[in-house]
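Enquirer: predicted model and sequence below, questions to follow.
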Amino acid sequence: MEPALLEAEGLGLRTRRGWVFRDLDLRVGPGELLALTGPAGGGRTSALLALGGRFRVSHGRVGGAGRTAFGLVPGVNEPEPALTVGEHVGERLRLLGQARPWHRRRRLAASPALRDLPPGSTPDTLVRDLSPLDRHRLMIKLALLEDPDVLLVDDIDVSLTPTETQTLLGELDATGRAAVYTCRDTPTAARLGRAPSTTESDDKVPFLSSVGVGR
């Protein structure tokens, strides 16, 4: 069996107030798309951050042979509204050591990184003028500059129409990278799930389902 790019076993976080999420098992291979679904407050974002090493957990493990990079994660990893698309690309290139500050304008203007920008946007477009779909597209583009094996994207069906969600999924697929994304519903596969678990006090425990929607 080919090594997994990303995998989790029994992943969960329990705090004094109870479970944030629990019992998450997944395995992501090259080119696979996988959805994390669950109810509001069910820990989707926390689990996604944990898969990318940005959130500590109390149970289980995360591993895999691949590199991860985050697309849009509202409230955690999102673009600055007052900056332009070009400024975001230039800043990411500098962070990656791919652009020298003293040549940044000339180098950035000719950079392949500014090709295939979100439709209707230019390097001078302010992020605050981007649609929700194009904000996702920009963050995915920035993530791809890191050359990841697995893209991690949050809330692909929040603030988007069903058609826009399908468009975004198609574009994720077209990157050729594996991807794990979170959503309230699974647009391209039946949702897997189970009845919510209960704590000893009979409070409902949020549960995340993972659904492979592959290529």
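Expert: In hand now; what should we look at? Residues are numbered from 1 along each chain as shown.

Enquirer: from Glu78, how far off is Glu32?
Expert: Computed with C-beta to C-beta, to the nearest Å, the distance linking Glu32 and Glu78 is 25 Å. (Each C-beta comes from the backbone N, C-alpha and C, glycine too.)

Enquirer: so for those two, which sits in the more crowded spot?
Expert: More crowded of Glu32 and Glu78, by other C-beta atoms under 10 Å: Glu32, with 20 against 17.

Enquirer: is it true that the more buried one touches Ala178?
Expert: Yes - with contact defined as C-beta atoms under 8 Å, Glu32 counts as touching Ala178 (5.0 Å).

Enquirer: can you list the weak-confidence ranges in this protein?
Expert: For the chain, the stretches flagged by pLDDT under 70 are 1, 98-112, 185-215.

Enquirer: okay, now the domains of it?
Expert: Domains of the chain are assigned by automatic domain parsing as 6-79+150-212, 80-129.

Enquirer: can you redo those as JSON lines with distance to Leu138?
Expert: JSON lines is the format used below for the domains of the chain (distance: least, C-beta to C-beta, whole Å):
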{"stretch": "domain 6-79+150-212", "distance to Leu138": "6"}
{"stretch": "domain 80-129", "distance to Leu138": "6"}
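
Enquirer: out of those domains, deepest packed?
Expert: With neighbours taken as mean count of other C-beta atoms under 10 Å, the domains of the chain reach their highest mean count in domain 6-79+150-212, at a mean of 17.

Enquirer: nearest residue to the middle of the protein?
Expert: Most central in the chain under C-alpha atoms, centre = their mean is Val153, positioned 1.5 Å from the mean C-alpha point.

Enquirer: next, the contact list for that one, please.
Expert: Taking C-beta atoms under 8 Å, 6 or more residues apart in numbering as the definition of contact, the neighbours of Val153 are 70-73, 136, 139-140, 172, 179-182.

Enquirer: Val20 too?
Expert: Shown in contact with Val20 (C-beta under 8 Å, 6+ apart): 12-14, 43, 46, 206.

Enquirer: roughly how far apart are it and Leu172?
Expert: Shown here: Val20 relative to Leu172, a distance of 26 Å by C-beta to C-beta.

Enquirer: again, but for Glu87
Expert: To Leu172, Glu87 is 24 Å away according to C-beta to C-beta.

Enquirer: so which of the domains of the chain is nearest Leu144?
Expert: When the domains of the chain are compared by C-beta to C-beta, domain 6-79+150-212 sits nearest Leu144, at 6.5 Å.

Enquirer: can you give me the strands for this structure?
Expert: 6-15, 18-28, 33-37, 59-63, 68-70, 150-153, 178-183, 197-198, 204-205, 209-212 (DSSP state E).

Enquirer: gap between the third one and the chain center?
Expert: Pointing back at strand 33-37 there. Its chain's C-alpha centre lies 10 Å from the corresponding centre of strand 33-37 when counted by C-alpha atoms, centre = their mean, to the nearest Å.

Enquirer: direction included, what does it pair against?
Expert: strand 178-183 (parallel), strand 209-212 (antiparallel) (DSSP bridges).

Enquirer: let me know whether Arg137 touches Gly120 as I believe.
Expert: No - using C-beta under 8 Å, Arg137 makes no contact with Gly120, being 10.4 Å away.

Enquirer: picking that back up, can you say which of the strands of the chain is nearest to Arg92?
Expert: For the strands of the chain, the distance to Arg92 is smallest for strand 68-70, at 10.4 Å, taking C-beta to C-beta.
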